[in-house]
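>>> quick one, structure for this:
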Amino acid sequence: MSRFKPSTMDADLEDVFGNPVPELYEAAAAPDASPALARALELRSFLALTEEQVARVRDRVHADMDPDRDMGELSADKLRCDAQWLEAALEARDGYRAALGELLRTMPPPDQEIRPVRLTQPRATATLPPSAAPAPQRAGAARARRP
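Numbering: from 1, shown residues only. This is a model prediction of the structure:
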């Protein structure tokens, strides 16, 4: 995918995992690779690809708007289409940056051994004082007569 294209979050990945990005990809290919590393690199690849798309649209718009270019070649429809593409690419980039940032913030430290978590259902137990509990009514029981 976009393994060797730079991304704006490469420094963050290197800080968290302690190695340059190419070495992180090698580590992720190992059978005992951390699931967090694999997920982080997958998001990083998507981010790098999306950032490349943003740069392509930006460069195309800049070329279209070059002051030396013939004004007769300008097209409002083409610029509107590029604006839509740029908006979509920027939205995707922001989403990938947010997802990768969240993953890096919430994952356990890379050197920490991951232990399985045992989930138990909490049990609520409460007893009511005898005066607060209503007396059970028996079906078909005769009522006591009043004097």
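>>> which residues touch the most centrally placed residue in the chain?
Compute the mean C-alpha point of the chain, and by CA atoms, centre = their mean the closest residue is residue 99, 2.8 Å away. The contact partners of residue 99, taken as CB atoms under 8 Å, 6 or more residues apart in numbering, are residue 43. For the C-beta atoms, the positions are set from N, CA and C on the backbone; glycine is no exception.
>>> pLDDT of the host helix or strand of it, averaged?
Counting by DSSP states H and E, the element that carries residue 99 is helix 76-106. When pLDDT is averaged over helix 76-106, the result is 96.
>>> do stretch 32-48 as well
For stretch 32-48, mean pLDDT is 95.
>>> buried residues of that stretch, list them for me.
Buried residues in stretch 32-48, defined by neighbour count with 16 or more other CB atoms under 10 Å: 34, 36, 37, 40, 41, 43, 44, 45, 46, 47, 48.
>>> the fourth one and residue 105 touch, don't they?
No. Taking CB atoms under 8 Å as the contact criterion, residue 40 and residue 105 are not neighbours in contact, 11.3 Å apart.
>>> please, where are all the helices along the protein?
10-17, 21-28, 35-64, 76-106 (DSSP state H).
>>> just the CA coordinates for the first one, please, in PDB.
What follows is the C-alpha trace of helix 10-17 in PDB, where atoms were taken according to Å, rounded to 0.1, in the frame of the first residue of the first chain:
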ATOM      1  CA  ASP A  10       5.500   9.200  11.200                       C
ATOM      2  CA  ALA A  11       7.400  11.000  14.000                       C
ATOM      3  CA  ASP A  12       4.600  10.100  16.500                       C
ATOM      4  CA  LEU A  13       4.800   6.400  15.500                       C
ATOM      5  CA  GLU A  14       8.600   6.500  15.900                       C
ATOM      6  CA  ASP A  15       8.300   8.100  19.300                       C
ATOM      7  CA  VAL A  16       5.700   5.600  20.600                       C
ATOM      8  CA  PHE A  17       7.300   2.400  19.100                       C
END
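>>> report the inter-axis angle for it versus helix 35-64.
170 degrees (axes from the mean of the first three to the mean of the last three CA atoms, to 10 degrees).
>>> separation between residue 31 and residue 18?
Residue 31 sits 20 Å away from residue 18 when distances are taken as CB to CB, to the nearest Å.
>>> show me which of those two is the more surrounded one.
Ranked by neighbour count (other CB atoms under 10 Å), residue 31 and residue 18 place residue 18 first, with 11 against 4.
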